[in-house]
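>>> When you get a sec, could you give me coordinates for this:
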Amino acid sequence: MSFFKTYDCRGKYGEDATEANCFRLGAACNAFSDKLVLGMDYREHNDSLAEAFLGGFDGVVSSLGNVPSPVVAFNSSSLGVSFTASHNPAGYNGVKFKKERRCFFQGELAGVKREFELRKAENKKRPLPQPNQELVESYVSSLPAIESGIFDLAGGAACALKKIFPETIFSEQDPSYSKHSPEPTEGALDVLAKKTLSGKVGFAFDGDADRAMVVDKGKVIDGAFSAAFICSRLPKGSKVLVTLDTPAEVFRFIENSGLNVEYTPVGDVFLLEKMLESGADFAAERSGHFSFAKHMPDSDGIYSAAFLSSLKPGELLGFSKQFRNVSLITKVHFSVDFAKLESLAREKAERVDAMDGVKAEMEDFTFLVRASKTEPKVRVNVEAETKEKAEKGKVFVESLLQKCRVG
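Below is the predicted model of the structure:
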């Protein structure tokens, strides 16, 4: 069933994301809880899919209406369900599962899939209850004061809370994402980048607002640099987790700031699982997923933006300039023997992490080779102080990969 992905359920409407499959999902959830909170973004077909889901679910439902997925997570003491396809383009719909203010882990989602496969589809729907505004307000009240900034809501779920932001763009719901991509990548943020040249810091959310990117003086800031800045504001001795794709120089900065920092595999699910297991105070993924334990385990783009909203124009951009390494990113479309790659890397590397592919710190460069979780390819990232060293590192890694090529 391709509807089930690594972290949630997601697919094109009418193919995998169907009313029949959502009914089966709702029926499957009866095995996990007799009550849930339910919210959704503004995507087309969400109402119909959610009503089909409730047709299969027998328990008590508290509706949050149209809200960002962090609002669902915040209220998910037992079970939360957010109808969203996050950063995927128009035409996609999806379902995220929450409990205890976090996302479902892989084993829990596998349990939903097992129950799903035991259920049969029925043509049955249940009307959505009226939204419970008190639950929404409880989330809003948990946020730090939002001091300043321009907030790019992308026409997505954050539009439901547009009144809490001092200045917004793309703040009208856009179910087909005709004016703005739900993925906050550099090209999609051109309008926000231009507006930040007038003297305010910009914050951009993805479709369901569980991620945030910062734009300062026209530049989209690498999520790893934003994470390092957040870490610079944490108390000494705080426990921090970052994903393995975080640049080595950022990892060293956090380490040298008096914080206890560890790598985790790439992916916010793995990050959060390790966060709860280790009792970490803060966790960050380079793509803009930031989790603050004092708020909730789940990633929350709105909380992150509020936390950073006191930034002065140029402050984060200036901070980021200390990270000068050059990164060369490429990919290969053949299978790699990662055990052999790790063995070869350990012969010359100063440090090797093999929790998610292989990351190795060599004398003049660092490389990360890991298999994509969403596409049939292997990602290769080489990082060094200069482009010349990065290029030499890239040639070295390519030669290693040929030795480790499978098939």
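
>>> Could you identify the helix or strand that succeeds the host helix or strand of Leu272?
Using DSSP states H and E, Leu272 falls within helix 268-278. Scanning forward in sequence from helix 268-278 by DSSP H and E, the next helix or strand is strand 282-285.

>>> Direction included, what does that following strand pair up with?
Using DSSP bridges, strand 282-285 pairs in its sheet with strand 239-243 (parallel), strand 289-292 (antiparallel).

>>> Name the residues that touch the last one?
Outside strand 289-292, the residues that touch it by C-beta atoms under 8 Å, 6 or more residues apart in numbering are 210-212, 223, 226-227, 230, 268, 271-272, 275, 281-284, 297-301, 303-304, 307. Bear in mind the C-beta positions are built from the backbone N, C-alpha and C, glycine included.

>>> Recalculate using a threshold of 10 Å.
102, 144, 206, 210-212, 223, 226-227, 230, 234, 241, 243, 267-269, 271-272, 275-276, 280-285, 297-301, 303-305, 307-308 (C-beta atoms under 10 Å, 6 or more residues apart in numbering).

>>> Format the strands paired with strand 282-285 as TSV; extra columns: mean pLDDT, mean neighbour count and distance to Glu363.
Shown next, in TSV, are the strands paired with strand 282-285 (pLDDT from 0 to 100; neighbours: other C-beta atoms under 10 Å; distance: least, C-beta to C-beta, whole Å):
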stretch	mean pLDDT	mean neighbour count	distance to Glu363
strand 239-243	97	22	23
strand 289-292	98	24	32
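
>>> what's the helix holding Leu272 packed up against?
Contact partners of helix 268-278 among helices and strands, from 3 or more C-beta pairs under 10 Å, 6 or more residues apart in numbering; DSSP states H and E: strand 102-103, helix 106-118, strand 239-243, strand 260-264, strand 282-285, strand 289-292.

>>> Run through who's touching the shortest one.
The one in question is strand 102-103. Identification of contacts with strand 102-103 by C-beta under 10 Å, 6+ apart yields 7-8, 69, 73, 76, 80, 82, 96-97, 109, 210, 268-269, 272-273, 275-276, 291, 296-299.

>>> What subset of the contacts of strand 289-292 is buried?
102, 206, 210-212, 223, 226-227, 230, 234, 241, 243, 267-269, 271-272, 275, 280-285, 297-301, 303-305, 307-308 (16 or more other C-beta atoms under 10 Å).

>>> Need the CA coordinates for the helix holding Leu272. PDB is fine.
Extracted C-alpha coordinates of helix 268-278, given in PDB (Å, rounded to 0.1, in the frame of the first residue of the first chain):
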ATOM      1  CA  ASP A 268      12.100  14.300  12.200                       C
ATOM      2  CA  VAL A 269      10.600  11.000  13.300                       C
ATOM      3  CA  PHE A 270      14.000   9.600  14.200                       C
ATOM      4  CA  LEU A 271      15.000  12.900  15.800                       C
ATOM      5  CA  LEU A 272      11.900  13.000  18.100                       C
ATOM      6  CA  GLU A 273      12.300   9.400  19.100                       C
ATOM      7  CA  LYS A 274      15.900  10.000  20.200                       C
ATOM      8  CA  MET A 275      14.800  13.300  21.800                       C
ATOM      9  CA  LEU A 276      12.300  11.500  24.100                       C
ATOM     10  CA  GLU A 277      14.700   8.700  24.800                       C
ATOM     11  CA  SER A 278      17.600  10.900  25.700                       C
END
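
>>> between it and strand 239-243, how many degrees?
Orientation of helix 268-278 against strand 239-243 (axes from the mean of the first three to the mean of the last three C-alpha atoms, to 10 degrees) gives an angle of 160 degrees.

>>> what angle do helix 268-278 and helix 106-118 make?
Using the same axes, to 10 degrees: helix 268-278 against helix 106-118 is 120 degrees.

>>> Next, report how far helix 268-278 is displaced from the centre of its chain.
13 Å (C-alpha atoms, centre = their mean, to the nearest Å).

>>> returning to what we had before: would a markdown table of the helices and strands packed on helix 268-278 with distance to Val250 be doable?
Formatted as a markdown table, those follow (distance: least, C-beta to C-beta, whole Å):
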| stretch | distance to Val250 |
| --- | --- |
| strand 102-103 | 24 |
| helix 106-118 | 27 |
| strand 239-243 | 7 |
| strand 260-264 | 9 |
| strand 282-285 | 9 |
| strand 289-292 | 14 |
